[in-house]
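**Student:** Give me the fold of what follows.
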Amino acid sequence: MENKFNEQDSLKVINEMIIQARGNFQRGAGNSLILWGYVIAGISLLCFILPKVFSIGHSVNWLWALTFPLFVGHMIYQRNKTRKAMVITHLDKIVGAIWLAMAITSGLFVGAVFFVAVSLSTNIPFIFISPMMMVFSGSALYITARVYRFRPYVYGAFVFWCAAILCLLHFILYQGADLEFVIQFLAMIFGFVVPGHILNKTAEGYV
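**Tutor:** Have a look, this model is predicted:
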């Protein structure tokens, strides 16, 4: 019997591959979120506690500089991991590009905030860093959730968006930003760490 394989059959196969890729995860797929979740949560907690214990004021914010070498190291690790991977789907490349774009956007935003704050000699712009970082994180997480059809990431995205609103409301109502770090700590745990662990547990079923 002659085997016919037309354009419609090709599209069907491609669609099935996409659906399969959306449902299957590699072992340790959530490690990046877990890593960044714990790191940022830890720094947030230190930024909240240290000024209350020691007289260091805003100098504690220099702790965030630790994220830069970590980002570079993580990018190198991910690049080497991608090269060694036997299979990299188009969806994986798209998601990777989304998070890279989020990281670049976040860096540019923080740079712009510093420029405005220094130029105008005011600390007010710094208040918007945490809320906007959570908006960016929530957006990237939500897109990733839609691509992979992984519901816990959707919940994580809403955690970040709600946390961003809480940060702004806290500043408006109390004219302070102390609790921003606490809100950010909780957002990282429930927005990154918990969904990341759930993803890793889910991935075990595909290995």
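**Student:** Tell me where this protein has helices.
**Tutor:** Taking DSSP state H as the test, the helices found in the chain are 7-23, 31-53, 67-84, 90-120, 129-148, 151-174, 180-188, 194-203.
**Student:** quick check: angle from the longest one to helix 31-53?
**Tutor:** Computed with axes from the mean of the first three to the mean of the last three Cα atoms, to 10 degrees, the direction of helix 90-120 lies at 20 degrees from that of helix 31-53.
**Student:** what is the rounded mean pLDDT of helix 90-120?
**Tutor:** Helix 90-120 carries an average pLDDT of 90.
**Student:** Leaving out chain neighbours, which residue sits closest to the most centrally placed residue in the chain?
**Tutor:** Centroid check for the chain by Cα atoms, centre = their mean gives Ser137 as the closest residue, at 4.4 Å. Sequence neighbours aside, Phe160 is the residue nearest to Ser137 in space, at 5.0 Å (criterion: Cβ to Cβ, 6 or more residues apart in numbering). The way it works is simple: take the backbone N, C-alpha and C, and place the C-beta from them, glycine included.
**Student:** What is the neighbour count of the one you found?
**Tutor:** Counted with other Cβ atoms under 10 Å, residues neighbouring Phe160 total 26.
**Student:** what about it, distance to His90?
**Tutor:** Noted for Phe160: a distance of 26 Å to His90, by Cβ to Cβ, to the nearest Å.
**Student:** go on, Tyr174?
**Tutor:** For Tyr174, the distance to His90 - Cβ to Cβ - is 47 Å.
**Student:** same check, this time on Asn123
**Tutor:** Distance, Asn123 to His90, by Cβ to Cβ: 44 Å.
**Student:** Ala65 too?
**Tutor:** Between Ala65 and His90 the distance is 35 Å, computed by Cβ to Cβ.
**Student:** go on, Val116?
**Tutor:** Val116 sits 39 Å away from His90, going by Cβ to Cβ.
**Student:** Show me which of those two is the more surrounded one.
**Tutor:** Taking other Cβ under 10 Å, Val116 and His90 do not tie; Val116 has more neighbours (14 against 11).
**Student:** That one: what's it in contact with?
**Tutor:** Applying Cβ atoms under 8 Å, 6 or more residues apart in numbering to Val116 gives the contacts Pro125.
**Student:** Confidence-wise, which helix or strand of this structure is lowest on average?
**Tutor:** helix 7-23 (a mean of 57; mean pLDDT, DSSP states H and E).
**Student:** List the buried residues for stretch 58-78?
**Tutor:** 60, 67, 74 (16 or more other Cβ atoms under 10 Å).
**Student:** Please identify which of those is nearest to Leu179.
**Tutor:** Checking the buried residues of stretch 58-78 against Leu179 by Cβ to Cβ gives Val60 as the nearest, at 15.1 Å.
**Student:** quick one: that closest one and Leu45 touch, right?
**Tutor:** No. Val60 is beyond contact range of Leu45, at 11.1 Å (criterion: Cβ atoms under 8 Å).
**Student:** burial of Gly96, as a residue count?
**Tutor:** Neighbour number of Gly96 under other Cβ under 10 Å is 16.
**Student:** can you pull the buried residues of stretch 51-59?
**Tutor:** Neighbour-count burial for stretch 51-59 [16+ other Cβ under 10 Å]: Pro51.
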